[in-house]
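**Student:** got a sequence here, can you model it:
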Amino acid sequence: MEVFGVKIFFNVVVVGFLFHLLEVGLASGGGFSVDLIHRDSPHSPFFDPSKTRTERLTDAFHRSASRVGRFRQSAMTSDGIQSRLVPSAGEYIMNLSIGTPPVPVIAIVDTGSDLTWTQCRPCTHCYKQVVPFFDPKNSSTYRDSSCGTSFCLALGNDRSCRNGKKCTFMYSYADGSFTGGNLAVETLTVASTAGKPVSFPGFAFGCGHRSGGIFDEHSSGIVGLGVGELSMISQLKSTINGRFSYCLLPVFTDSSMSSRINFGRSGIVSGAGTVSTPLVMKGPDTDYYLITLEGFSVGKKRLSYKGFLKKAEVEEGNIIVDSGTTYTYLPLEFYIKLEESVAHSIKGKRVRDPNGISSLCYNTTVDQIDAPIITAHFKDANVELQPWNTFLRMQEDLVCFTVLPTSDIGILGNLAQVNFLVGFDLRKKRVSFKAADCTLH
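**Tutor:** Predicted structure coming up:
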């Protein structure tokens, strides 16, 4: 049983989409689910068979570090977080289709932004992409959005108007990447795991006519799953009631299986063992899923956590639940205390990480390391992290801690979320956790 294999890097691709439009009636709050595939799976277009396990792990680390680095201290205030994340650092991609007839779009999933966009013709300055550009002229359902619409107003300072009619946008990211074009409404089509495509007419998205930066040619845009008004979750609220969840597979899962993201009724996390914590909104511009971490327990020893800002009391909304970051990141001062407690609980040969990623590693070739259960104490919710959530096999004889220090805000990465149903409810403003066998979800 491979507990710490690199397959855990949930850089995933939503597959199984049928790119033809069928009308599927969904009752209010109706549910559907979509399969997710690991980025390094042979089924993924990102798969590079020439790379070793260690190389893939190192790549995942650099993507995480790049993403976390954009939560800069200078952009964090008591009113919220203002910087926009690096789009290409996301760990998931999703295959959608837009228009009538539907055109495939391979979009990076970003739970830290709201606008969904893709590159469109005519494109005056665009990065190379594998799939064809979306051409509005070939779709019978494409409509440019006007300046007075609520969707246009939701763009805030990122919007502008041409002659007071068409709504245009310009998005820039912290690394210098950018996209700009027309805000439009179209028909969005996805396919549920039940095999029936689901269409959503009148979906607002960005039709990018000018894009550049470090975008990868395998993707053709962004799908925003954040908390803002323009996000996919918010726009589909009449159908999914602002609810979605996902269940990320553990590393020992057969490669023929896939993780899953669920929407609407299918996205409800409930039943025995479910714990919930408040979703914290730090202002109208907050795009991230912020919750409050009060501490960690290693065995019986509890370490209190206040957050990034130097305050006497616990800072509300001091950690981000982010599927786009592989590792979990905590402020350096707190991380040092946590590492000491974890190291004290493990009997093994501690060694240096030759990859320079983790400062807590052990030399072992056995399937499981004798690591303690680490309990994350969120407000009103205690979540027990198993060894596969906190340690990862870096090499055949090397297992390392997957929590890392940062000078920025805390982030609960996707490794820590493995084998949990993690649910988000924007209407009730709650984030729920339930230990689960994700091979069954």
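**Student:** nearest residue to Cys207 other than its sequence neighbours?
**Tutor:** Take Cys207 and drop its neighbours on the chain: the residue closest to it by CB to CB, 6 or more residues apart in numbering is Cys120, 4.1 Å away. Every C-beta, even on glycine, is put in place using the N, C-alpha and C of the backbone.
**Student:** you'd agree the one you found is up against His209?
**Tutor:** Yes: between Cys120 and His209 a contact is recorded at 5.8 Å, counting by CB atoms under 8 Å.
**Student:** and those two? Which one has more around it.
**Tutor:** For Cys120 and His209, the more surrounded residue by other CB atoms under 10 Å is Cys120, and the numbers stand at 27 against 20.
**Student:** partner residues bridging Ser276?
**Tutor:** Counting by DSSP bridges, Ser276 is bridged to Ser432.
**Student:** so it touches Arg430, yeah?
**Tutor:** Yes: between Ser276 and Arg430 there is a contact at 4.7 Å, judged by CB under 8 Å.
**Student:** picking that back up, partners of the residue nearest to Cys207 in the sheet?
**Tutor:** Beta bridges link Cys120 to Phe134, judged by DSSP bridges.
**Student:** residues contacting Val422?
**Tutor:** Residues near Val422 by CB atoms under 8 Å, 6 or more residues apart in numbering: Ser245, Tyr246, Cys247, Val269, Val321, Val431, Ser432, Phe433.
**Student:** format those residues as JSON lines; extra columns: pLDDT, neighbour count and distance to Gly181.
**Tutor:** Below are the contacts of Val422 laid out as JSON lines (pLDDT from 0 to 100; neighbours: other CB atoms under 10 Å; distance: CB to CB, whole Å):
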{"residue": "Ser245", "pLDDT": "94", "neighbour count": "25", "distance to Gly181": "32"}
{"residue": "Tyr246", "pLDDT": "92", "neighbour count": "30", "distance to Gly181": "29"}
{"residue": "Cys247", "pLDDT": "91", "neighbour count": "25", "distance to Gly181": "35"}
{"residue": "Val269", "pLDDT": "97", "neighbour count": "27", "distance to Gly181": "36"}
{"residue": "Val321", "pLDDT": "94", "neighbour count": "23", "distance to Gly181": "30"}
{"residue": "Val431", "pLDDT": "98", "neighbour count": "24", "distance to Gly181": "33"}
{"residue": "Ser432", "pLDDT": "98", "neighbour count": "21", "distance to Gly181": "37"}
{"residue": "Phe433", "pLDDT": "98", "neighbour count": "26", "distance to Gly181": "38"}
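**Student:** the residue nearest to Cys207 and Ala184, how far apart?
**Tutor:** When CB to CB, to the nearest Å is the yardstick, Cys120 and Ala184 sit 9 Å from each other.
**Student:** intersection of neighbour lists for these two?
**Tutor:** Common contact partners of Cys120 and Ala184 (CB under 8 Å, 6+ apart): Pro136, Cys207.
**Student:** which one is Lys128 nearest to, not counting chain neighbours?
**Tutor:** Lys128 sits nearest to Glu217 (CB to CB, 6+ apart), 4.8 Å away.
**Student:** just confirm that neighbour contacts Gln119, I think it does.
**Tutor:** No: under the criterion of CB under 8 Å, Glu217 is not in contact with Gln119, lying 10.9 Å apart.
**Student:** only the buried residues of stretch 335-351, if you could.
**Tutor:** Tyr335, Lys337, Leu338, Glu339, Ser341, Val342, Ile346 (16 or more other CB atoms under 10 Å).
**Student:** ok now the strand of greatest length in the chain, how far from the chain's centre?
**Tutor:** The residue-count maximum for a strand in the chain (DSSP state E) belongs to strand 197-212. In terms of CA atoms, centre = their mean, to the nearest Å, the centre of strand 197-212 is found 19 Å from the chain centre.
**Student:** re earlier: and of the contacts of Val422, the nearest to Cys126?
**Tutor:** Minimum distance to Cys126 across these is 30.5 Å, recorded for Tyr246 (CB to CB).
**Student:** for Thr292, what are its contacts?
**Tutor:** Counting by CB under 8 Å, 6+ apart, Thr292 makes contact with Thr277, Pro278, Val280, Val314, Glu315, Glu316, Gly317, Asn318, Ile319, Phe378, Lys379.
**Student:** top of these by neighbour count?
**Tutor:** Ile319 (26 neighbours).
**Student:** neighbours of His125, just the number please.
**Tutor:** Per other CB under 10 Å, the neighbour tally for His125 reads 11.
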